[in-house]
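S.K.: Okay, here's the prediction I keep looking at, along with the sequence it came from:
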Amino acid sequence: MKILDMSYLESPFVRKEMGVGYCVIPEINPGYEWVFTGTEEEVLATEKLDGIDVSIVIENGVIASIWNRTARIPFFCKGKEHIVMGVMESFKRGYTELPDGQYFGELIGEKVNGNPYKITGHLWIPFNTYCRDHLAYKSWHKYPKTFEGISKWFSIPISEGGIFSLFMKKRGVDQSPEGIVFHNLKTGQMAKLRRDMFPEWKGHRHKEVEDGTEVLR
């Protein structure tokens, strides 16, 4: 099987350098009109988890290999054992009961990005199964899909109707998410929109390279 890398996800809005980094502007990125025009049957908006990209390959019904981007993670290794343990925890929870193939997901936990979810250990969460089934925002199709409306949804407090982390809400904690991933259910295309992409964001921003492309983690 040819191992694929997780595709870079573009923003549905055009991004430009604005002094504080590359931020979105009120202009739709060509080819991403579907994010705003798609119906509930065509577009799904899920929480973007703050983790690292990890994929697994299932062959003959068992996990045959684990990958971080295109680097294979040995089952017995030093320095990367938290990735293996996260996949094992996912297996225990039944998240890896999938047909043969390669599946992408996000690894979160104690050794990942400061552990914003405050979980014990590590957990691998598959994008196209768990995220779609449990971390989808039904509210996406209830409000005007304008730049101003989305910016407000991302910036106002949760108590005033702002966006919240569905992953943490299931654990009884009100916390803002890193962002949203949009899924085109007809074509398989995806896009992302993080809170730190807006000019008003005051916290830490993802690093950028000279051409404006986000450095992948």
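M.R.: Structure received.
S.K.: Which stretches in this protein count as helices?
M.R.: Here the chain has its helices, by DSSP state H, at 34-37, 81-92, 132-134, 147-155, 166-169.
S.K.: residue ranges with poor pLDDT in this protein?
M.R.: 207-217 (pLDDT under 70).
S.K.: so what are the domain limits for it?
M.R.: The record's domain parsing of the chain by automatic domain parsing lists 1-46+138-217, 50-134.
S.K.: Let me know which of those is tucked in deepest.
M.R.: By mean neighbour count, with neighbours taken as mean count of other CB atoms under 10 Å, domain 50-134 ranks first of those at a mean of 17. In short, each C-beta sits where N, CA and C put it, glycine included.
S.K.: Determine how far the last residue of it lies from the first.
M.R.: Domain 50-134 has an end-to-end distance of 16 Å (criterion: CA to CA, to the nearest Å).
S.K.: mind checking how far it is from the chain centre?
M.R.: Counting by CA atoms, centre = their mean, to the nearest Å, domain 50-134 is centred 13 Å from the centre of its parent chain.
S.K.: and what of stretch 122-136?
M.R.: Distance, centroid of stretch 122-136 to centroid of chain: 9 Å (CA atoms, centre = their mean).
S.K.: Please name the residues that touch F104.
M.R.: By CB atoms under 8 Å, 6 or more residues apart in numbering, the contact set of F104 is M6, D53, V54, S55, P126, F127, N128.
S.K.: Can you tell me which of those is nearest Y103?
M.R.: Comparing the contacts of F104 against Y103 with CB to CB places P126 closest, at 5.2 Å.
S.K.: Who does the closest one form a beta bridge with?
M.R.: On the basis of DSSP bridges, P126 is bridged to G105.
S.K.: ranges for the strands of this protein?
M.R.: Using DSSP state E, the strands of the chain run over 13-17, 22-28, 43-48, 52-59, 62-68, 71-73, 101-109, 122-126, 179-184, 190-194.
S.K.: Would you mind pulling the contact partners of the third one?
M.R.: For strand 43-48, contacts defined as CB under 8 Å, 6+ apart pick out 34-35, 127, 131-132, 135-137, 140-141, 165-167, 177-185, 192-194.
S.K.: What of the second one?
M.R.: With contact meaning CB under 8 Å, 6+ apart, strand 22-28 is reached by 11-18, 35-36, 147-148, 193, 197-199, 201, 208, 212, 214.
S.K.: ok, so what distance separates the most centrally placed residue in the chain from E59?
M.R.: The C-alpha lying nearest the average C-alpha coordinate of the chain belongs to K48 (CA atoms, centre = their mean; 3.0 Å). Separation of K48 from E59 (CB to CB, to the nearest Å): 29 Å.
S.K.: ok, back up a step: can you redo the contacts of F104 as a markdown table with distance to T70?
M.R.: As requested, these are arranged in a markdown table below (distance: CB to CB, whole Å):
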| residue | distance to T70 |
| --- | --- |
| M6 | 9 |
| D53 | 10 |
| V54 | 12 |
| S55 | 9 |
| P126 | 18 |
| F127 | 17 |
| N128 | 19 |
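S.K.: picking that back up, bridged to the residue nearest to the centre of the chain, which residues?
M.R.: In this entry, K48 is beta-bridged to G179, by DSSP bridges.
S.K.: tell me the contacts of G109?
M.R.: G109 neighbours (CB under 8 Å, 6+ apart): G51, H82, G86, N115, Y117, I119, G121, H122, L123.
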